[in-house]
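# model the following, please.
(2 chains)
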Amino acid sequence: MDEMMNKKILIVDDELEIRNMIDSFLRKEGFYRIYQAENCKAALAICRSNHPDIAILDVMLPDGDGFALLSAIRQFARIPVLFLSARGEDEDRLLGLGLGADDYIVKPFLLRELTLRLMAVLRRVYHPIPVPERQPVFQLGSSTVDLESAAVSGDKGEQPLTAKEHTLLLKLYENRNRIVTSDALCQSAWGDHYYGYENTLMVHIRRIREKIESDPSNPVYLLTVRGLGYKLSVKEG
Amino acid sequence: MDGVARILRRFVSATIIISVFLIILNFIMLGTWFFKGMDKSHSPRGVVKRVTDGLHKTGDTYFLDMESEQLLDQLSAWAMLVDNSGHVTWGYDLPGQLPLTYSLIDVAQFSRNYLLDYPVFVWEHDHGLIVVGYPKDSLAKYRFAFPIEWVSDLPFKSITLIIGNMMLALLLSILVGSQLIKSIKPLISGIHALSDEQPVNIDPKGVLSDLAKSINRTSSLLQKKNASLKSRDEARSNWIAGISHDIRTPLSMVLGYASELEENHSIPAEHRKQIGIIRQQGEKLRSLVSDLNLVSMLEYEMQPLTIKPVRLSVLARQTASEFLNNGLNEAFTLDLDVADESASVNGDEKLLLRAITNLVQNSIDHNPGGCQILLKTYVDCNKKSCRFIVADNGKGICQREIPHLTELPYSSKRKHPVHNGHGLGLPMVARIAKAHHGQLVLTSDTGKGMNAEIILPAI
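Okay, the predicted model is just below:
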């Protein structure tokens, strides 16, 4: 973790107060090699001389926009970039155009969110976990759902999960204790052209219940929310 | 082009009708004149016949009856009777220079032509030949002789003549009409382009050059006005976008420091609570700014839409789930009626979700005591439009106020102050519906709940 704190961070924003606020907050979090630039020219100079490990770029700058600056930086350095956007409509450009931004955050933002995202980008770029992220394993009453090995073990012994059941359970678990609409479930299992799979979804849900519920006709974990979808009730901790 | 053809057609048929009418009129007038001029009782033939009938012989003397005498006096004509040997046996008002005997040649000559320049007419009488002479230069005598062929061809010839006239009229009218159309055509297309707000530049020449010039002027005025309107709209929208951008930066700092302080445990709890209020208000301001920006972009038609087919029932379930997941107060119930799953539209999913969320939030905000909210989707029976209905059984709103609800707050049209929230919710829904070529219809009355329908073109 200390290694992460050694990373050099470049903050590019035309507002001094914003730079100072981010600067002071990041220092409090433990980062100490922080550079500031108020425009594209200064930012490029710092990139050439100090080789920062990550850059936080404002989209609107006095001598150009952040997208152009990113392209200029990418000419000679492949550092991760996090955009600060003050315009809601930039969202589509950031997401859609594949500019190679690693993340973006819309102003006004909460500092805590900025730090979390910054750390996430740093971790992803500089400390890639060799194996892909482990899939969740969780407890539903007396049974254990292991999405890693795609199996449910409990009173009825170990039962394997099919690919679709796995996808649906993962989606439900990611939104645990929240309603997931049948549309969202179908989309995760069958893609964008999911219309017409509602009945198939019901069949799959029934099979999942047979594996995880002790009484599948009176479910207590995988609940039906009538007319809307399903909810996986998981007690945390 | 249809307009031009129609004008030409009308012009030609009008011309033909006029020429046919003129021909008929001419024939009628000619006929009446002709026959009027040849008044039967006063025609030379009639007069000479009358005189013949009125001349009687009593012994050796001839008597003309009163009526014939009057007729001759009236016409200032003279009359005589020439017997078989060529002698004048009776005369009435004879001019002095007339001879009293005539040879066969003389008779043949004057019966065809004139007698000493008097136009004369003859009729057979029991005792010779009656000759009636008109004053000199009062009548013209013609004799016509036509070949039989020519006479028998006459009906055919006159019909050919009439048809020829008609053809000529048709040809001329088409020629004149097309010349006229040629000069009008650019004007017509110019006026059509004007109504489509296209730029127009007609070459001003010919009779209608003034008209062309004024169409050109109108077009350039219209273009200028549109351009200035557009630039003004853009300026307004950019102004609001700029302001909201400028507000976001200081707001970032307010929110940033406030949330920092809120989590700082060295500060007394009471102060942390107050800082929390600063943060919450800052967040409210944040959503107000982005809503304001969105509404202004929609108002000036500058909001980019990501259009794709969207099923309304999916939106209904998603909205309901969001509200339930975010802890909807138990005083409210959300019901779904999505009988027709196929109800779908081409639209921006995010914006449509936003519109529906606004409507549901509206029902919640205005009925703090709780109410039932129904989300309903269906396809109209004509299959041309879909409806998304958000209805509640809450306290509703006075009918008079409904038209003001979709106006922007603080605009001159919105008379009543905003009671709850920032007042952008319903205007935003109305503008989202409009951006999708649809509309928002609100029906309500005090105590009767609110019924909001988003009507969109179906696919």
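
# helices and strands around the lengthiest helix in chain B, which ones?
The helix that spans the most residues within chain B, counting by DSSP state H, is helix B:209-262. Applying 3 or more CB pairs under 8 Å, 6 or more residues apart in numbering or on different chains; DSSP states H and E, we find helix B:209-262 packed against helix A:16-29, helix A:111-126, helix B:148-195, helix B:269-299. For glycine as for every other residue, the C-beta is placed from the backbone atoms N, C-alpha and C.

# so which of these comes closest to B:R236?
Across the helices and strands packed on helix B:209-262, B:R236 has its closest neighbour in helix B:269-299 (7.1 Å, CB to CB).

# what mean pLDDT would you report for the longest helix of chain B?
Mean pLDDT, helix B:209-262: 85.

# next up, the contacts around the residue in the stretch 51-200 of chain B that chain A sits nearest to.
In the stretch 51-200 of chain B, the residue that lies nearest chain A is B:E197 (27.4 Å; CB to the nearest CB). For B:E197, the contact set (CB atoms under 8 Å, 6 or more residues apart in numbering or on different chains) comprises B:222-223, B:226.

# next, count neighbours for B:H437.
B:H437 has 13 neighbours, counted by other CB atoms under 10 Å in any protein chain shown.

# quick check: it touching B:L456?
Yes: checked against CB atoms under 8 Å, the pair B:H437 and B:L456 is within contact range at 7.4 Å.

# doesn't B:K448 fall inside a strand?
No: counting by DSSP: H, G, I helix; E, B strand; the rest coil, B:K448 falls outside a strand, being coil.

# CA-only coordinates of stretch B:259-273, as CSV, when you get a sec.
In CSV, the C-alpha atoms belonging to stretch B:259-273 read as follows (Å, rounded to 0.1, in the frame of the first residue of the first chain):
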residue,chain,number,x,y,z
SER,B,259,-18.1,16.5,3.6
GLU,B,260,-14.5,16.5,4.9
LEU,B,261,-15.6,18.4,8.0
GLU,B,262,-18.7,16.3,8.4
GLU,B,263,-16.4,13.2,8.8
ASN,B,264,-14.0,15.0,11.1
HIS,B,265,-14.5,13.5,14.5
SER,B,266,-12.6,16.2,16.4
ILE,B,267,-15.5,18.6,15.6
PRO,B,268,-18.4,18.5,18.1
ALA,B,269,-21.4,16.4,16.9
GLU,B,270,-23.7,19.5,16.8
HIS,B,271,-21.4,21.3,14.4
ARG,B,272,-21.0,18.2,12.3
LYS,B,273,-24.8,18.1,12.0
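
# follow-up on the earlier one: now mean neighbour count and mean pLDDT too, for the helices and strands packed on helix B:209-262, in a markdown table please.
Shown next, in a markdown table, are the helices and strands packed on helix B:209-262 (neighbours: other CB atoms under 10 Å in any protein chain shown; pLDDT from 0 to 100):
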| stretch | mean neighbour count | mean pLDDT |
| --- | --- | --- |
| helix A:16-29 | 17 | 88 |
| helix A:111-126 | 16 | 85 |
| helix B:148-195 | 13 | 84 |
| helix B:269-299 | 17 | 87 |
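
# I'd like the ones you listed as JSON lines, with distance to B:A316 appended.
Listed next are those as JSON lines, based on distance: least, CB to CB, whole Å:
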{"stretch": "helix A:16-29", "distance to B:A316": "41"}
{"stretch": "helix A:111-126", "distance to B:A316": "31"}
{"stretch": "helix B:148-195", "distance to B:A316": "41"}
{"stretch": "helix B:269-299", "distance to B:A316": "22"}
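
# who's in contact with B:G256?
Per CB under 8 Å, 6+ apart, neighbours of B:G256: A:21-22, A:25, A:108-111.

# for the one helix or strand B:T15 maps to, which positions count as buried?
Per DSSP states H and E: B:T15 is located in helix B:2-37. Buried residues in helix B:2-37, counted by 16 or more other CB atoms under 10 Å in any protein chain shown: B:7-8, B:11-12, B:15, B:19.

# and stretch B:138-146, by the same measure?
B:L139.

# ditto for stretch B:425-444
Quick answer for stretch B:425-444 (16+ other CB under 10 Å): B:425-433, B:435-436, B:438, B:440-442, B:444.

# and of those residues, the nearest to B:L154?
For the buried residues of stretch B:425-444, the minimum distance to B:L154 (CB to CB) is 76.1 Å, reached by B:G438.

# beta partners for the spatially closest residue to the closest one that is not a sequence neighbour?
Leaving out its chain neighbours, the residue that sits closest to B:G438 by CB to CB, 6 or more residues apart in numbering or on different chains is B:L456, at 3.7 Å. On the basis of DSSP bridges, B:L456 is bridged to B:C386.

# residues in contact with residue 119?
In the absence of a named chain, this looks at chain A. Taking CB under 8 Å, 6+ apart as the test, what A:M119 contacts is A:M4.

# to clarify, I was referring to chain B.
B:44, B:133-134, B:136, B:138-141.

# just B:N329 next, same as before
B:364, B:370.

# that one - that's part of a strand, no?
No: read with three-state DSSP, B:N329 is coil and lies in no strand.

# pLDDT score for it?
87.

# if I look at it, how far off is A:G227?
19 Å (CB to CB, to the nearest Å).

# check B:I402 too.
When B:I402 is compared with A:G227 (using CB to CB), they lie 30 Å apart.

# can you check B:L81 too?
Using CB to CB, we find B:L81 at a distance of 128 Å from A:G227.

# name the residues of chain A found near chain B, please.
Counting by CB under 8 Å from any CB of the partner chain, chain A comes close to chain B at A:15, A:17-18, A:21-22, A:25, A:60, A:86-89, A:92, A:107-112, A:178-184, A:195, A:225, A:227-229.

# can you select the buried ones among those for me in PyMOL?
Selecting only the buried entries of the residues of chain A next to chain B in PyMOL, with 16+ other CB under 10 Å as the criterion:
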select buried, chain A and resi 15+18+21+22+25+60+86+87+88+107+108+109+110+111+179+180+181+182+183+184+195+225+227+228+229
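
# which ones among the residues of chain A next to chain B map onto helices?
A:17-18, A:21-22, A:25, A:92, A:111-112, A:182-184.

# redo the residues you listed as CSV? Include distance to B:K383.
Below are these laid out as CSV (distance: CB to CB, whole Å):
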residue, distance to B:K383
A:E17, 57
A:I18, 53
A:M21, 56
A:I22, 55
A:F25, 57
A:D92, 32
A:L111, 53
A:R112, 51
A:S182, 25
A:D183, 23
A:A184, 28
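
# and the buried residues of helix B:2-37 as CSV, adding pLDDT?
Shown next, in CSV, are these (pLDDT from 0 to 100):
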residue, pLDDT
B:I7, 79
B:L8, 81
B:F11, 82
B:V12, 83
B:T15, 84
B:S19, 83
